[in-house]
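J.: Here's my sequence, what's the structure:
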Amino acid sequence: QLRSWMFDDQGGHGQSLWFRDQNRWVLDSTSVLGDGREASATNVISRLGEDEFIWRSTNRTIVQSDVPDTTPVKVSRVKAAK
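T.: You can find the predicted model right below:
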């Protein structure tokens, strides 16, 4: 099982447990913001092909209050010019 950690320059920190679901990774994430508030989210990274994926964050909460989902973000690798 994969686990990742994050730290930011304002004192926030968190962790995620990663689960494989066919062509996507699902991250169950919990964190503490720099001001001490607790937050959670489900982050999904869906592979579209060799050079592309979509990231989105759903089921987001801060101090047990719902926060809107993010707009999906498409990430594409740019090939270096030869």
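J.: Might one say that Gly12 is in contact with Ser31?
T.: Yes - if you go by C-beta atoms under 8 Å, Gly12 and Ser31 touch, sitting 6.3 Å apart. To be clear about C-beta, it is placed using only N, CA and C from the backbone, and glycine gets the same treatment.
J.: Just the buried positions in stretch 11-26, please.
T.: 12, 14, 16, 25-26 (16 or more other C-beta atoms under 10 Å).
J.: Would you convert these into a markdown table that also reports secondary structure, pLDDT and distance to Glu50?
T.: Output for the buried residues of stretch 11-26, formatted as a markdown table (DSSP: H, G, I helix; E, B strand; the rest coil; pLDDT from 0 to 100; distance: C-beta to C-beta, whole Å):
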| residue | secondary structure | pLDDT | distance to Glu50 |
| --- | --- | --- | --- |
| Gly12 | coil | 97 | 33 |
| Gly14 | strand | 98 | 30 |
| Ser16 | strand | 98 | 24 |
| Trp25 | strand | 97 | 16 |
| Val26 | strand | 98 | 21 |
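J.: List the beta-bridge partners for the residue nearest the centre of the chain.
T.: Centroid-nearest residue in the chain: Asn43, 3.8 Å away (criterion: C-alpha atoms, centre = their mean). Beta-bridge partners of Asn43, counted by DSSP bridges, are Leu27, Ser57.
J.: who's in contact with it?
T.: 16, 26-27, 29, 55-58 (C-beta atoms under 8 Å, 6 or more residues apart in numbering).
J.: Let's see that with 7 Å instead.
T.: By C-beta atoms under 7 Å, 6 or more residues apart in numbering, Asn43 lies in contact with 16, 27, 29, 55, 57.
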